[in-house]
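Undergrad: predicted coordinates and the sequence they were generated for:
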Amino acid sequence: MKVPVVDADARSGGVPAHVLSHASGGRDLWSDPLPSRPEDPETAVRELLGEVLDPELPVSIVDLGLVYGIEVEGRTARIAITFTATACPCMEFIEEDVRDRLLREPWLDDVDVEHVWDPPWTRERITPAGRKALKRLGVAS
């Protein structure tokens, strides 16, 4: 299912028609879609998810260690993600951004997002790049 993008004013930068929850969260920094299916789609999806930012901190969900698994079968991406807490207020935003970012790709038609709680997320899952970004923001990791 391709995501229709609607015209928007300069403040929002253009968002899919169904996005009601937020206007950016880094959407304005997303790269253009890849021209064709990459040879290693799982690696490409991981790189694309590196553009999806946590709505509370401008750090990617990959660098925060929230992505637990990626599988691409045919034209479907299956993403296993976790959150920092079971009551994380950004769960809907993050899931929406994951779907929207990946569905911009012409070689993907569907994105299945699974919430994973085991093993629980810990700060040890943050990548060195994530720690560096958090430090720049003045957040201890």
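TA: Now that the structure is in, tell me what you want to look at. Residues are numbered from 1 along each chain as shown.
Undergrad: now the helices for the chain?
TA: 41-49, 91-103, 128-136 (DSSP state H).
Undergrad: buried ones in the first one?
TA: Spelled out, it's helix 41-49. 41, 44-45, 48-49 (16 or more other Cβ atoms under 10 Å). To be clear about C-beta, it is placed using only N, CA and C from the backbone, and glycine gets the same treatment.
Undergrad: got the angle between that helix and helix 91-103?
TA: Put simply, helix 41-49 runs at 120 degrees to helix 91-103, going by axes from the mean of the first three to the mean of the last three Cα atoms, to 10 degrees.
Undergrad: who are the packing partners of helix 41-49?
TA: Judged by 3 or more Cβ pairs under 8 Å, 6 or more residues apart in numbering; DSSP states H and E, helix 41-49 is in contact with strand 67-73, strand 76-81, helix 91-103.
Undergrad: so how far is the shortest one off the chain centroid?
TA: Between the centre of strand 76-81 and the centre of its host chain there is 11 Å, according to Cα atoms, centre = their mean, to the nearest Å.
Undergrad: what does stretch 120-134 give?
TA: Distance of stretch 120-134 from its chain centroid, counting by Cα atoms, centre = their mean, is 16 Å.
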